[in-house]
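A.B. asks: coordinates only, sequence not included:
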């Protein structure tokens, strides 16, 4: 990909806004449209775009498959951890209201954490699927 | 606190353990975690059953949202019975898994294998626990997707195609179920089973409801491999790793039968199912399934495949019991699926022990091995007798109840089918025993030794259970009777 100057420059200018947009979708999800799943897909799209232009090896320096695997598990554990935390605080499973002093603050915190877990897992699983397909036949 | 959250923990424990196991280092640690989780689930499930039998229905609101708006776990005798069945089978399968998995799965995939196994386990438990008809679909997909992955890990290359075949059929089944749920939701506006049961009587004459019912029925029939929708099952069971075959054969189709029972007897009002040809259809398909699949089984040369066809036939018996729509029929169905889990589990485990030593288990390869692997051979014989329905084994109890359910309604064809099915079972089990015991040993196999204790012990736990539940029917018949009452099918 050494010769495709235009593509490389365009991608380099596009990738940062894509990541910012992913973070916006992630953290604005509880006020507007969006949420963890969409944010995770957008974030992984940024890394996949990078890998399409600069090669799989460069992308795997950003995030190795092992790290992606750990993150994929971590996201699920964040989600379930919130559930277990609410149980320990005396509520039912995933009853966010007990997470903070007021019910509204609790629901807010709960959904934010849960969606964060979803985002982390979706992003890493998308990358793992991409790595698995793109890496086929590599020594 | 554990008592309050018991029903939830039962599902969340394996679900939380699965991602942890996935990132554990290679070695035996993933297995240890899996074993601990499965055994604690078995303890939790038996506590849950005794709690339900003592003090009635347990209800748990997820997220603190009251039903019918939130998701509710609603446990009565039926749920508790199935949850216990699934977790006990998992707790017996996992000790067996250690050596078998090390032999059949590449080392770097072992943590992922146990992770998928726990996910499948969590999904099956979830189906049995939830009181929300859409939540059933979610758990159905969790268990199905992980079982596709588990089947594809089989050693032979056909494992991939059979997993793919199961994926296509399973997805069609799940989609049909979802379409049906959507149609019912559009007419009742609720997804909670108890709420839907209360609202459905007002709308039963609507065509949408009838269509939804048909979609759900076909979808679940695909999942439980009801003849003639069973085509995915023989391949999937044959090429999956032994442990997966043992676990799925003993639980997955049983849980699908549970969903069928819920739909037919809890959600839809009494007169509705009787006004459709469902009962006759089930009896017809049950009878053809028993006869045709048993005949197919006789002609198989691969023993796993033979047992898989026999499973299709056994599902015929269960569906036959449901088809009678009587208390005895329902009881027979539930007793048979519990007992079938015991006998098929034992048979597949014993066959797995042969595979552990030989790598394959075709009729002509196992000749004469009965003398070299006496314990494995004895396990196959006893579990086989139970499958046939010899008095003194668990199989006899279920056949007894089935025949009495059929006699109650003077369904002579069904009685004949049950008896012919048992005779055909004598033939195919006889074929295995003949090959194992009465044929000379082939020269390549003269050095084959008895399977290791780790494989034999779980197998024999199930074999002994086959005899125990053939003599002491307090648990099976008692719980099935209670469950039939809960389902509202009281002897008419």
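C.D. replies: Ah, there it is. From a predicted model like this one, the values you see are computed outputs, not experimental measurements.
A.B. asks: contact residues of chain B facing chain A?
C.D. replies: When proximity is defined as CB under 8 Å from any CB of the partner chain, chain B approaches chain A at B:1, B:5, B:8, B:12, B:15-16, B:18-20, B:22-23, B:60-64. For every residue, glycine as well, the C-beta is placed using N, CA and C.
A.B. asks: and the furthest pair within those?
C.D. replies: Distance extremes for the residues of chain B next to chain A: the farthest pair is B:23 and B:61 at 31.8 Å, using CB to CB.
A.B. asks: mean confidence for the longest helix seen in chain A?
C.D. replies: Scanning chain A for the longest helix, with DSSP state H as the assignment, gives helix A:103-134. Mean pLDDT, helix A:103-134: 91.
A.B. asks: how about stretch A:38-54?
C.D. replies: Computed over stretch A:38-54, the mean pLDDT rounds to 92.
A.B. asks: cool, and stretch B:285-298?
C.D. replies: Mean predicted confidence for stretch B:285-298 is 92.
A.B. asks: low-confidence regions, chain B specifically.
C.D. replies: Applying pLDDT under 70 to chain B flags residues B:1, B:488-492.
A.B. asks: for the stretch 351-492 of chain B, which segments count as strands?
C.D. replies: Taking DSSP state E, counting those that start in this stretch, the stretch 351-492 of chain B contains no strands at all.
A.B. asks: residue in it with the shortest distance to chain A?
C.D. replies: Taking CB to the nearest CB, chain A has its nearest neighbour within the stretch 351-492 of chain B at residue B:486, 24.3 Å off.
A.B. asks: what does stretch B:389-409 contact?
C.D. replies: Contacts with stretch B:389-409, where a contact means CB atoms under 8 Å, 6 or more residues apart in numbering or on different chains, come from B:317, B:320-321, B:324, B:326, B:328-329, B:331-332, B:335-336, B:339-340, B:342-343, B:382, B:385-388, B:412, B:414-415, B:418-419, B:422, B:425, B:465-471, B:473, B:476-477.
A.B. asks: show me what contacts residue B:206?
C.D. replies: So residue B:206 contacts residue B:187 (CB under 8 Å, 6+ apart).
A.B. asks: look up how far chain A lies from it.
C.D. replies: For residue B:206, the distance to chain A (CB to the nearest CB, to the nearest Å) stands at 34 Å.
A.B. asks: swap in residue B:333?
C.D. replies: In this view, residue B:333 and chain A are 32 Å apart by CB to the nearest CB.
A.B. asks: how near is that residue to residue B:424?
C.D. replies: According to CB to CB, to the nearest Å, residue B:333 and residue B:424 sit 20 Å apart.
A.B. asks: those two: who's more crowded?
C.D. replies: Neighbours were tallied for residue B:333 and for residue B:424 using other CB atoms under 10 Å in any protein chain shown; the higher tally belongs to residue B:333 (28 against 22).
A.B. asks: and stretch A:14-32 with chain B, contact?
C.D. replies: No: using CB under 8 Å from any CB, stretch A:14-32 never reaches chain B; the gap is at least 15.3 Å.
A.B. asks: now do that stretch, average pLDDT.
C.D. replies: Stretch A:14-32 carries an average pLDDT of 90.
A.B. asks: list the buried residues for that stretch?
C.D. replies: A:15, A:18, A:21-22, A:25-26, A:29-30 (16 or more other CB atoms under 10 Å in any protein chain shown).
A.B. asks: which residues does it contact?
C.D. replies: Taking CB under 8 Å, 6+ apart as the rule, stretch A:14-32 contacts A:34-36, A:38-40, A:42-43, A:45-46, A:49-50, A:108, A:111-112, A:115-116, A:119.
A.B. asks: how distant is it from the center of its chain?
C.D. replies: Taking CA atoms, centre = their mean, to the nearest Å, one finds the center of stretch A:14-32 at 11 Å from the center of the full chain.
A.B. asks: stretch B:255-269 now?
C.D. replies: In terms of CA atoms, centre = their mean, the gap separating the centre of stretch B:255-269 from the centre of its chain is 15 Å.
A.B. asks: endpoints of that stretch, how far apart?
C.D. replies: Length of stretch B:255-269, first residue to last, CA to CA, to the nearest Å: 22 Å.
A.B. asks: list the buried residues in that stretch.
C.D. replies: For stretch B:255-269, by 16+ other CB under 10 Å, it's B:255-268.
A.B. asks: which residues are in contact with the residue of the stretch 201-350 of chain B found nearest chain A?
C.D. replies: The minimum distance from the stretch 201-350 of chain B to chain A, using CB to the nearest CB, falls at residue B:241 (20.7 Å). Residues in contact with residue B:241 (CB under 8 Å, 6+ apart) are B:100-101, B:104-105, B:113, B:150, B:153-155.
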